[in-house]
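Novice: Provided below for reference: sequence and predicted model.
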2 protein chains.
Amino acid sequence: MSLVLDPAAQDLLFREARTANTFTDEPVTEEQVQAIYDLVKYGPTAFNQTPLRITLVRSPEARERLVRHMAEGNQAKTAAAPLVAILSADNEFHEELPNLFPAFPQAKDVFFAERPAREGSATLNAALQAAYFIVGVRAAGLAAGPMTGFDFEGVRKEFLDDDHTPLMVVNIGKPGPDAWYPRSPRLAYEDVVTTV
Amino acid sequence: MSLVLDPAAQDLLFREARTANTFTDEPVTEEQVQAIYDLVKYGPTAFNQTPLRITLVRSPEARERLVRHMAEGNQAKTAAAPLVAILSADNEFHEELPNLFPAFPQAKDVFFAERPAREGSATLNAALQAAYFIVGVRAAGLAAGPMTGFDFEGVRKEFLDDDHTPLMVVNIGKPGPDAWYPRSPRLAYEDVVTTV
């Protein structure tokens, strides 16, 4: 076996974990979200820029406002999930860089003085962190339901500001009845990996 | 404790795992890369589009061509790493969608008929898969050294084609002497997570 990771952990995070479309009523606690963050905050990003920001949509009033911006097929499950998180990229992450990457505090001015460079970097690196977050949700024994089917500009205006770019909305909870489709096929190694 | 994941696995994947800048000479085998792929291929993407493509740069001649496109500070470690992978997004992923997402085979034409929509989706979802891949490298007991400091257009022309967008280059191997900086600080939960 070429992997060091325990098989039970492989199953929990990847092999048996699935994107959930239904959830039980069991709440997702603040302690669980903190534990997830305290694990996945260590995932690597360029210059440790860690641009991911997380908006937990807990109040019924906020949930209702969010559901209106979701694609029709995502509305019912977003309304019903125990917890919903909006994941976004902070395009002004560079302000924190001198603290976040003390090995090269000049990075803020050398690489990220211009907004377009920041936006590209923030989106890529926040996407990496979104994936770490999904892995972290599974590490907490919960299922994630990540969605990109929503009105991005609507969500930005409703919950964020001009300095934040929404990446995805994630339903979180214990999977409910008929929570997922059958597992879809994956590409063969030979179709994905080329050696030069 | 709010996490279900075994503490040893937490350490292996996040808490003790680090971005490596030096490596031992121990080779990274084809079997290891296959095992990594066979684990992380299950990570979720929108419509199971799985647009990540991996180019393993194994031959000395190809390695030399790659190193020329790396930023100066990344050249020596990219030349010395046991294995280097170019991760890219396949902007023509939609051709495979009817096979990859049988639950809604029309997705190819309904959502991805236009190239700009495909490019945005491919980049985001391949970035998620790049993060799963980094986690998978760690699951194999190896260290990853992901880098975005290189000439993207140069790497695209040298190793890919117009249908592929490079995302990052990743050095892979067992960590060598002085493999990393001291751990940089992370943002506090309160600075990242907002509740509405």
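Specialist: Looks like it came in fine. Residues are numbered from 1 along each chain as shown, chains lettered A, B, ... in the order given.

Novice: Can you name the residues that contact residue A:95?
Specialist: With contacts defined as C-beta atoms under 8 Å, 6 or more residues apart in numbering or on different chains, the neighbours of residue A:95 are residue A:108. All C-beta spots, glycine's among them, are computed from the backbone N, C-alpha and C.

Novice: for the one 10 residues further on, same thing?
Specialist: Contact analysis of residue A:105 by C-beta under 8 Å, 6+ apart lists A:97, A:98.

Novice: ok, so what distance separates it from residue A:99?
Specialist: Separation of residue A:105 from residue A:99 (C-beta to C-beta, to the nearest Å) stands at 8 Å.

Novice: again, but for residue A:119
Specialist: From residue A:119 to residue A:99 the distance is 21 Å (C-beta to C-beta).

Novice: So what's the residue count around residue A:65?
Specialist: A total of 16 residues lie near residue A:65 under the criterion other C-beta atoms under 10 Å in any protein chain shown.

Novice: Work out for me the element it sits within.
Specialist: Using DSSP states H and E, the element containing residue A:65 is helix A:60-67.

Novice: and that helix, which residues are buried?
Specialist: A:62, A:63, A:65, A:66, A:67 (16 or more other C-beta atoms under 10 Å in any protein chain shown).

Novice: On the three-state scheme, the residue nearest the centre of chain A is what?
Specialist: By C-alpha atoms, centre = their mean, chain A has its centre lying nearest to residue A:130, at 2.8 Å. Using DSSP: H, G, I helix; E, B strand; the rest coil, the structure places residue A:130 in helix.

Novice: Could you check how far it is from chain B?
Specialist: The gap separating residue A:130 from chain B is 6 Å, by C-beta to the nearest C-beta, to the nearest Å.

Novice: Am I right that that residue is in contact with residue A:85?
Specialist: No: applying C-beta atoms under 8 Å as the test, residue A:130 and residue A:85 come out as separate, 9.8 Å apart.

Novice: Would you mind writing the CA trace of the helix holding residue A:65 as PDB?
Specialist: The C-alpha coordinates for helix A:60-67 follow below in PDB (Å, rounded to 0.1, in the frame of the first residue of the first chain):
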ATOM      1  CA  PRO A  60     -33.700  32.400   9.600                       C
ATOM      2  CA  GLU A  61     -34.000  35.900   8.200                       C
ATOM      3  CA  ALA A  62     -30.500  35.700   6.600                       C
ATOM      4  CA  ARG A  63     -31.200  32.200   5.400                       C
ATOM      5  CA  GLU A  64     -34.300  33.400   3.600                       C
ATOM      6  CA  ARG A  65     -32.300  36.200   2.000                       C
ATOM      7  CA  LEU A  66     -29.700  33.700   0.800                       C
ATOM      8  CA  VAL A  67     -32.100  31.200  -0.600                       C
END
